[in-house]
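Everything below, folded, please.
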Amino acid sequence: MRNQALITVMLFGISIWLAYEVGGRIAGEDLRSIELFAFIVAGCVVAVAILRNWRHGFYMFLVWLMFEDLARKYMGNGLALFFGKDVLVGLVYISLLIAIRKGRAKAFRPPFLVFLGFFIWLGVLQIFNQNSPSIMYGLLGFKLYFYYIPLMFVGYALIQNDKDLAKFLWVNLGLAGLIATLGITQAIVGHSFLNPEVLAPELRDLGELNKVTPLTNQFFSLPASVFVSTGRFTMYLILTLIVAIGAAGYFLLASNKKHILVFVVIALLGGAIMFSGSRGATMFGIISVAVLAAGSLWGAPWRARQAHRLVRAIRRTAIVGALGFAMLLLIFPEEAAPRIAFYEETLLPNSSAFEATHRAWDYPIENLIGAFTRPNWVMGNGIGTASLGTQYVARLINGTQPQLWVEEGYGNLIIEMGIIAPFLWILWTGALLYHSWKVVRRLRQTHLFPLAFAIFWYAFLLTYPLTYGSLSAYQDYVSNTYFWLLIGILFKLPEVLAATPPPAVVPARRPAPRGGFEF
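Numbers count the residues shown, from 1 in each chain. Reported below is the predicted structural model:
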C-alpha cells in the first residue's frame, strides 16, 4: 500500500509537470514539439504492447510503418522519426526470441540460409572498407540490406492457421484500400493534400514531383499518398496489388463467402496505379495481373472441382476493375486525361515519343556500364555509399554526400561491394526462388496456392526485374519489410495446409450419361 501511494504521488507530480510544459508550448505556439512528444508517447505505447504480446504489437508496428512518412513530412523529417520503426521492429525481434525460448512460438530454419550467409558476410566485411568515407555509411547500408531479414522468422511464427492468415490479409487489405484512396485524392486535389505548406528540403524533390506529356504538353502531378516519395508509393501499389489478387483467390477457395471488399480494394489499387503517373507501376501491374491469372488457373484445385471459383474471381476482378476505371474517367476526366495521354505517348510503339525500349534496356545498361567508371569498382567503396539515405549520414557526420550512385541495381552492388557482389546476389536470390517454388508446387491443387504463387511472383519481381531497374526497390523499407515477412509466411503455408481439413469434393450437377460396358 505504501508503494502504491508513492507511485500515485509520483504520477500526479509528473502529470502536473507535463501539463505545465504542454501549456507553455501551446502558449508559445510551438506545436511541432507537442507533435513530437505525442509521437514519442505513441511509440512508447507500441513498444510496451510489443513486449507484452508480440503478435498484437506486430500489427501496431505495421500500422506505424505505413504512416511514419506522413509524420516525417509534417514534423520536418527528423532523424528520430526516421529510425523509429527500426527501434520498434527490434523490439519485435526480441519479443519473438523470448517467445521461442519459452516454447510459445516455433523457430524456422530457411533452406537457403547458407547462400544468404555468403552475401551477409560480404556486407559485414564491406562495413569496414577503407574506401568508405565513414563507417556510418557501412552501418546504414547494413541496415538497408539485412536489418529486416529476421521478419522472415516473424512471418513464419505469426501464421499458425487459416484464421491467422485471414487476419493478416484483411489488415493489409484495409491499409492498402485506405492508402490507395488517399493517393487518388492527392492526384486529383494536388500536392496541397497530405503535404505541409513547406516540405523539408531533402523531401521536396521527392514529394512534389510533376510531369508533362512529351507531345501534347499536358501537366499533371505525381501523388505520394502517405509516403514521402512517389517511388515508395508506386512500389507499395505493386506489392499490394499482387497480394490482393492472391488473397482474392485464397478467400474464394477457402470459403463460399463473397468477399466483395477484396475486389473493391483491387479496383482502388488499379485506379491508384493509373493516377500515379508511373509507367513502371502501370506495366508491372498489367504484367502481374496476367501472370497471376494464368498461374492461378494452372494451380487451381481442378480435382476438387473448385477451379470454377477462380474463373469467377478473374471475371469479377475484370468487371470491377473496368467499372472502377470507367467511374474515375467519368467523374474526373480532366485529371485522368493527361495521365492516360502520358502512357499512350511514351508506351505505344507507334508514338514518336516511345520510350519503353530506352527505359527497359538502353538506360539501365548505360548505368550498369557507368558503374565501371566509378572508382574502386573491383573491391567496392563500402556498403551504403550508394544507397538510400546517404543524405542523413552526411548530415550526421557533417560531411559531403558521396556521388557514386547509378540507376541500375547490379551497378550499385558493384559500386558498393565490388565485382563479386552481383554474383553473390544472384546466388542467394536464385536459391531463395528455387526453394520457394518447391513450396508453391507442394501447394498446387489447394486453396493456399493463389496466395503462395502471388508471394513467389512478388519475390521474383523484386529480386530480379525491379532490382535490375534500381536497387532502391529492394532497399526501400516498405518493400523490404513485406518481402521478408511474406517469405516467412510462404514457408509456413504447408503447415497451415496440414492443419486444415481437406475440402469436400463438389459433385457434378448432372451425372454424365454412360454408354457401352461398365466395369
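
Please, where are all the helices along the stretch 401-519 of the chain?
For the stretch 401-519 of the chain, applying DSSP state H, counting those that start in this stretch gives helices covering 409-417, 421-442, 449-463, 465-469, 472-475, 477-498.

Now render the ones you listed as JSON lines, adding mean neighbour count.
C-beta: built from backbone N, CA, C; applies to glycine. Conversion of the helices of the stretch 401-519 of the chain to JSON lines gives the following (neighbours: other CB atoms under 10 Å):
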{"stretch": "helix 409-417", "mean neighbour count": "27"}
{"stretch": "helix 421-442", "mean neighbour count": "18"}
{"stretch": "helix 449-463", "mean neighbour count": "24"}
{"stretch": "helix 465-469", "mean neighbour count": "19"}
{"stretch": "helix 472-475", "mean neighbour count": "22"}
{"stretch": "helix 477-498", "mean neighbour count": "21"}
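
For those, give me a markdown table that also has mean pLDDT.
Compiled in a markdown table, the helices of the stretch 401-519 of the chain are given as follows (pLDDT from 0 to 100):
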| stretch | mean pLDDT |
| --- | --- |
| helix 409-417 | 95 |
| helix 421-442 | 96 |
| helix 449-463 | 96 |
| helix 465-469 | 94 |
| helix 472-475 | 94 |
| helix 477-498 | 95 |
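
The ones you listed: which one's closest to Leu347?
Across those, Leu347 has its closest neighbour in helix 465-469 (15.5 Å, CB to CB).

May I have stretch 425-442 as CSV, with CA atoms only?
Written as CSV, here are the backbone C-alpha positions of stretch 425-442 (Å, rounded to 0.1, in the frame of the first residue of the first chain):
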residue,chain,number,x,y,z
TRP,A,425,23.2,-11.6,-55.2
ILE,A,426,22.2,-13.9,-58.0
LEU,A,427,23.3,-17.0,-55.9
TRP,A,428,21.2,-16.3,-52.8
THR,A,429,18.2,-15.0,-54.7
GLY,A,430,18.3,-17.9,-57.0
ALA,A,431,18.4,-20.3,-54.0
LEU,A,432,15.5,-18.5,-52.4
LEU,A,433,13.4,-18.6,-55.5
TYR,A,434,14.2,-22.3,-56.1
HIS,A,435,13.1,-23.4,-52.6
SER,A,436,10.1,-21.0,-52.7
TRP,A,437,9.0,-22.6,-56.0
LYS,A,438,9.2,-26.1,-54.4
VAL,A,439,6.8,-24.8,-51.7
VAL,A,440,4.5,-23.4,-54.3
ARG,A,441,4.4,-26.7,-56.2
ARG,A,442,3.5,-28.5,-53.0
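
which non-adjacent residue is nearest Gly141?
Nearest residue to Gly141, sequence neighbours excluded (CB to CB, 6 or more residues apart in numbering): Gly384, at 2.5 Å.

scratch that, Tyr434
Counting by CB to CB, 6+ apart, the nearest residue to Tyr434 once its immediate chain neighbours are dropped is Phe112, at 7.6 Å.

I'd assumed His435 was in contact with that neighbour.
Yes - Phe112 lies in contact with His435 (CB atoms under 8 Å); the separation is 5.3 Å.

just to revisit the earlier point, count of residues packed around the residue nearest to Tyr434?
Neighbourhood size, Phe112 [other CB atoms under 10 Å]: 19.

and if you look at Ala290?
Neighbours of Ala290 under the rule other CB under 10 Å: 10.

Nearest approach to Tyr145 belongs to which of the helices of the stretch 401-519 of the chain?
helix 472-475 (7.2 Å).

For stretch 383-402, give me every contacting residue.
Stretch 383-402 has contacts (CB atoms under 8 Å, 6 or more residues apart in numbering) with 79, 82, 123, 126-127, 129, 131-134, 136-142, 144-145, 202, 381, 404-406, 412, 415-417, 471-472, 475-476.

Alpha carbons of that stretch, as PDB, please.
What follows is stretch 383-402, C-alpha atoms only, in PDB (Å, rounded to 0.1, in the frame of the first residue of the first chain):
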ATOM      1  CA  ILE A 383      28.300  -0.900 -48.300                       C
ATOM      2  CA  GLY A 384      25.900   2.100 -48.000                       C
ATOM      3  CA  THR A 385      27.900   4.600 -50.000                       C
ATOM      4  CA  ALA A 386      25.500   4.400 -53.000                       C
ATOM      5  CA  SER A 387      22.300   3.500 -51.100                       C
ATOM      6  CA  LEU A 388      19.200   5.300 -50.000                       C
ATOM      7  CA  GLY A 389      19.600   7.600 -47.100                       C
ATOM      8  CA  THR A 390      23.200   8.800 -47.600                       C
ATOM      9  CA  GLN A 391      22.000  12.400 -47.100                       C
ATOM     10  CA  TYR A 392      21.100  11.600 -43.500                       C
ATOM     11  CA  VAL A 393      24.600  10.100 -42.800                       C
ATOM     12  CA  ALA A 394      26.200  13.200 -44.400                       C
ATOM     13  CA  ARG A 395      24.100  15.400 -42.200                       C
ATOM     14  CA  LEU A 396      25.000  13.300 -39.100                       C
ATOM     15  CA  ILE A 397      28.800  13.500 -39.700                       C
ATOM     16  CA  ASN A 398      28.800  17.000 -41.200                       C
ATOM     17  CA  GLY A 399      30.300  15.600 -44.400                       C
ATOM     18  CA  THR A 400      29.600  15.600 -48.100                       C
ATOM     19  CA  GLN A 401      27.200  13.100 -49.600                       C
ATOM     20  CA  PRO A 402      29.000  10.600 -51.900                       C
END
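
so Val107 sits in a strand?
Residue 107: Ala, not Val. No - assigned with DSSP: H, G, I helix; E, B strand; the rest coil, Ala107 falls outside any strand and is coil.

so what's it up against?
Going by CB under 8 Å, 6+ apart, Ala107 touches Ile100, Phe153, Ala157.

what does Gly249 give?
Contacts for Gly249 (CB under 8 Å, 6+ apart) come out as Ser296, Leu310, Ala313, Phe449, Pro450, Leu451, Ala454.

Please identify which of those residues is nearest to Ile260.
Ranked by distance to Ile260 (CB to CB), these are led by Ala313 at 11.6 Å.

The closest one should be in a strand, yeah?
No - the assignment for Ala313, made by three-state DSSP, is helix rather than a strand.

I'd like the distance from stretch 371-385 to the chain centre, please.
When C-alpha coordinates are averaged (CA atoms, centre = their mean, to the nearest Å), stretch 371-385 and its chain have centres 28 Å apart.

quick one: buried residues of it?
Neighbour-count burial for stretch 371-385, counted by 16 or more other CB atoms under 10 Å, picks out Ala371, Arg374, Asn376, Trp377, Gly380, Asn381, Gly382, Ile383, Gly384, Thr385.

just stretch 167-180 next, same as before
Neighbour counts over stretch 167-180 (16+ other CB under 10 Å) mark Phe168, Leu169, Asn172, Leu173, Leu175, Ala176, Gly177, Leu178, Ile179, Ala180 as buried.
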